[in-house]
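In: Structure, please.
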Amino acid sequence: PDDRARVMNGLANTLKSDSPFWSDEFRGRCSDGSYGIYYDRAYILRNEKGEPEKMIGTAMDLTGLKKYETDLAESENRLRTIVQRSEEHT
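Out: Got it, this is the predicted structure:
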C-alpha cells in the first residue's frame, strides 16, 4: 500500500507518453500478511493513434534476492568490524 501511489503515477505517466516500456519495483502484501518485493515490467501495445491498448508483461518476485543482499551486507559489515577490531589489538 505504501508504494501504490508512486507505482500508479509512474504507470499513468508512461501510458501518457509514447514509451513502449514500463517497469517498477515495489513491495506487495502476500496472502499471509507478510510483504514481498516485486519487479514488474511490461511492453505497451498501442493502436495506430499511439493510444495504449494492451500490456504484455512479467512480474518477478525479488523477495529472496533482496533478503540475500541484506544478509550479505550485514555479514560483510560484521566481518569488517571484526577485522578492524583485530587490527586495533595488534
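In: quick one: contacts for G10?
Out: 22, 24 (CB atoms under 8 Å, 6 or more residues apart in numbering). Any C-beta I mention is one placed from the backbone N, CA and C, and that applies to glycine too.
In: Helices along the protein, start to end?
Out: 4-16, 63-88 (DSSP state H).
In: buried stuff in the first one?
Out: Across helix 4-16, burial judged by 16 or more other CB atoms under 10 Å covers 7, 11, 14.
In: Pretty sure R41 sits against F26.
Out: No: taking CB atoms under 8 Å as the definition, R41 is not a contact partner of F26, at 12.0 Å.
In: which residue ends up closest to the midpoint of the protein in space?
Out: By CA atoms, centre = their mean, the chain has its centre lying nearest to E25, at 2.4 Å.
In: so that one touches Y39, yeah?
Out: Yes: E25 is within contact range of Y39, at 4.8 Å (criterion: CB under 8 Å).
In: okay, and the common contacts of those two?
Out: With CB under 8 Å, 6+ apart, E25 and Y39 have common neighbours L62.
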